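> take this sequence and fold it.
(one chain, ligands or ions: 2)
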Amino acid sequence: TSTGRKAYRGEVLHFLADPAKVSEEESYQYFEDGLLVINHGLVEAVGNAKDLLKTLPADVVVTQYDNGLIMPGFIDTHVHYAQSEMVASYGEQLLEWLENYTFPEEKKFADLEHGKRVAEFFLSQLLDAGTTTALVFGTVHKESVEAFFTVAQQKKLRMICGKVLMNQNCPDDLSDTVESGYADSKALIEKWHNTDRLQYAVTPRFAPTCSTEQLNKAGELLKEYPSVYLHTHLSENKDEIAWVSELFPDSDGYLDVYDKSSLLGRRSVFAHGVHLHDHECQRLSETNSAIAFCPTSNLFLGSGCFNLKQAEEFDVNVGLGTDIGAGSSFSMLTTLNEGYKTQQLRGDKLSPYKSLYLATLGGAIALDLEGTIGNFIQGAEADFIVLDYQATPLMDVRIKRCTTLTEKLFVLSMLGDDRHVKATHIMGEKV
Ligand code: GUN
Ligand code: ZN
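Ligands and ions are numbered 1, 2, ... in the order given. Prediction:
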């Protein structure tokens, strides 16, 4: 029977593996005339339209998309919803930027209604840009996470968020305590973690704003609730790294501060990691931790160019992040454009396959959600997008010249942005 079933026909692309680990051709599936079959919000099948249509009941509605590409929704592995309205704040690098712009902005999130309004804006920007799942920083206020999850739940989204833990080196009215941070996090986990499609991330801001006691308490939460995430920042900026070694003289580098508090693991995501030593990559790899690569942010704050090759050499899980508001775009396509340029500056090539892998399946693996989101494997949640090559004249003329899939995908990753996202579907439903 066709109840609950629907299908989408057009060009289809999704990834099965990291192009750096298998051959490029083995890493993806591409169907020039493809069909994506959805059953009750989950992927039932993907393949060549002509083959699949033979067995599909005739009354299943097939929606056709021409001149575009059907792909899994993008996954943003590091972003601050509370910083949505302060993007493009001028002139500073990380530590001054936090002091001058970010902390004042985040104070507003003591107010639940403010949080809901910004969460609504943030999530509509994400969906417009084709991003269907994100790992999201709240602020120190428990209300910020309450607001975010309330809005994300209404939209039926798969989202991960957490209340910031910070109890030192920050304004007094933006500071929690070891005990209040623990209690607030625990209450939020109990209420929201695994409610519908929502999951919780224990979120110490970064080592400088957390005492050792607070980091240890975060580690205790991870032991009490093994399926929650750990989300923080790591080795983003040179001055930050020097400060961490002053604040934690007994640690063997930045990552070791987190390691000593038992914060590394399969569901731990560290944003940036721009300046990592080999031994730190080794440790991230052996603990199955992940890095969020945030190129627009790293360029905007002048933090540096992430060493993707080093992460590949040590087999570290990597996802892509916008890091709004240090990042400058909600679009993962724009983020890929700048990501490509950061690798050019290093003398390394970022192939369009690796790029689009990072934006989808790479993110799902970084978040330990492979099989649930990130590709069109049978049973995956049908969060997908439809890209439109003709949405802008420049993309249109340039795509028409492409003779290979590789060239086409590269052009898409360089010229694409939210204008090229024609439709976003959540659990099979167009939003
Ligand atoms: N490190 C600590 N807090 C932040 C933040 O809000 N943004 C970025 N980019 N880095 C940070
Ligand atoms: Zn960040």
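
> helices of the stretch 51-200 of the chain, residue ranges please.
Secondary structure of the stretch 51-200 of the chain, counting by DSSP state H, counting those that start in this stretch: helices at 94-97, 103-107, 112-128, 142-154, 178-192.

> starting at the chain centroid, how far to the last one?
In other words, helix 178-192. Taking Cα atoms, centre = their mean, to the nearest Å, the mean C-alpha location of helix 178-192 is offset from the chain mean by 23 Å.

> and for the longest one?
Distance of helix 112-128 from its chain centroid, counting by Cα atoms, centre = their mean, is 16 Å.

> the first one too?
Shown here is helix 94-97, whose average C-alpha point lies 22 Å from the average C-alpha point of the whole chain (Cα atoms, centre = their mean).

> send the alpha carbons of it over as PDB?
Provided in PDB are the C-alpha atoms of helix 94-97 (Å, rounded to 0.1, in the frame of the first residue of the first chain):
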ATOM      1  CA  LEU A  94      38.800  36.100  19.500                       C
ATOM      2  CA  LEU A  95      39.400  37.400  23.000                       C
ATOM      3  CA  GLU A  96      38.600  41.000  22.400                       C
ATOM      4  CA  TRP A  97      35.600  40.000  20.200                       C
END
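
> so which elements touch that helix?
If contacts are counted by 3 or more Cβ pairs under 8 Å, 6 or more residues apart in numbering; DSSP states H and E, helix 94-97 sits against helix 238-247. All C-beta spots, glycine's among them, are computed from the backbone N, C-alpha and C.

> in the helix it packs on, which residues are buried?
Counting neighbours by 16 or more other Cβ atoms under 10 Å, one finds that the buried residues in helix 238-247 are E240, I241, W243, V244, L247.

> and stretch 34-50, by the same measure?
Going by neighbour count (16+ other Cβ under 10 Å), the buried part of stretch 34-50 is 34-39, 42-47, 49.

> tell me the mean pLDDT for stretch 125-143?
In this model, stretch 125-143 has a mean pLDDT of 98.

> which of the buried residues of stretch 34-50 fall within helices?
Counted as lying in helices by DSSP state H, out of the buried residues of stretch 34-50, are A49.

> farthest pair in the buried residues of stretch 34-50?
L42 and A49 (19.4 Å; Cβ to Cβ).

> how near is the closest residue to L95 other than its chain neighbours to V145?
Sequence neighbours aside, D239 is the residue nearest to L95 in space, at 5.7 Å (criterion: Cβ to Cβ, 6 or more residues apart in numbering). If you measure D239 against V145 using Cβ to Cβ, to the nearest Å, the figure is 29 Å.

> what do you get for A326?
20 Å.

> is ligand 1 contacted by stretch 170-185?
No. Legend: contact between stretch 170-185 and ligand 1 by Cβ under 6 Å from any ligand atom is lacking; minimum distance shown is 9.5 Å.

> list the buried residues of that stretch.
Of the residues in stretch 170-185, C170, L174, D176, V178, G181, Y182, D184, S185 count as buried by neighbour count, 16+ other Cβ under 10 Å.

> equivalent analysis for stretch 89-97, please.
Those would be Q93, L94, L95, W97, for stretch 89-97 by 16+ other Cβ under 10 Å.

> what of stretch 370-389?
Going by 16+ other Cβ under 10 Å, stretch 370-389 has these buried residues: 370, 372-377, 380-389.

> straight-line length of it, end to end?
End-to-end distance for stretch 370-389: 28 Å, by Cα to Cα, to the nearest Å.

> how about R419: what's its closest non-neighbour residue?
Using Cβ to Cβ, 6+ apart and skipping residues adjacent in sequence, the residue nearest R419 is A391, 4.8 Å away.

> number of nearby residues for the one you found?
Using other Cβ atoms under 10 Å, A391 is surrounded by 18 other residues.

> how long is stretch 298-311 end to end?
Note: stretch 298-311 ends 16 Å apart using Cα to Cα.

> pLDDT (mean, whole number) over it?
Stretch 298-311 shows a mean pLDDT of 98.

> and what of stretch 79-95?
Average pLDDT, stretch 79-95: 97.

> need the helices of the stretch 51-200 of the chain in TSV (columns: distance to G339).
Listed next are the helices of the stretch 51-200 of the chain as TSV, based on distance: least, Cβ to Cβ, whole Å:
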stretch	distance to G339
helix 94-97	19
helix 103-107	26
helix 112-128	18
helix 142-154	26
helix 178-192	31
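
> L165 is nearest to which of these?
Ranking the helices of the stretch 51-200 of the chain by proximity to L165 (Cβ to Cβ) places helix 178-192 first, at 4.4 Å.

> what angle do that closest one and helix 142-154 make?
Interaxial angle of helix 178-192 relative to helix 142-154 (axes from the mean of the first three to the mean of the last three Cα atoms, to 10 degrees): 10 degrees.

> who's in contact with helix 178-192?
Contacts of helix 178-192 with the rest of the structure, by Cβ atoms under 8 Å, 6 or more residues apart in numbering, involve 140, 142, 145-146, 149, 162-163, 165-167, 176, 198, 200, 202, 211, 213-214, 217-218, 220-221, 224-225, 228.

> quick one on the thing from earlier: of the buried residues of helix 238-247, closest to ligand 1?
Closest approach to ligand 1 among these (Cβ to the nearest ligand atom): E240, at 7.1 Å.

> quick check: residues of the stretch 251-400 of the chain near ligand 1?
By Cβ under 6 Å from any ligand atom, the residues of the stretch 251-400 of the chain that approach ligand 1 are S297, D323, A326.

> wait, which of these is closest to ligand 2?
Nearest to ligand 2 among these is D323, at 4.5 Å by Cβ to the ion.

> SS state for that closest one?
Secondary structure state of D323, per DSSP: H, G, I helix; E, B strand; the rest coil, is coil.

> that one reaches H78, doesn't it?
Yes. Counting by Cβ atoms under 8 Å, D323 touches H78, with 5.3 Å between them.

> low-confidence ranges in this protein?
Filtered on pLDDT under 70, the chain yields the residue ranges 1-2.

> what does it have sitting close to ligand 2?
Counting by Cβ under 5 Å from the ion, the positions of the chain adjacent to ligand 2 are A271, D323.

> quick one, domains of the chain?
5-73+374-430, 74-330 (automatic domain parsing).

> quick one: the helices in the stretch 251-400 of the chain, in order.
Taking DSSP H, counting those that start in this stretch, the helices of the stretch 251-400 of the chain run over residues 254-260, 278-286, 295-300, 308-313, 332-346, 352-357, 363-366, 393-400.
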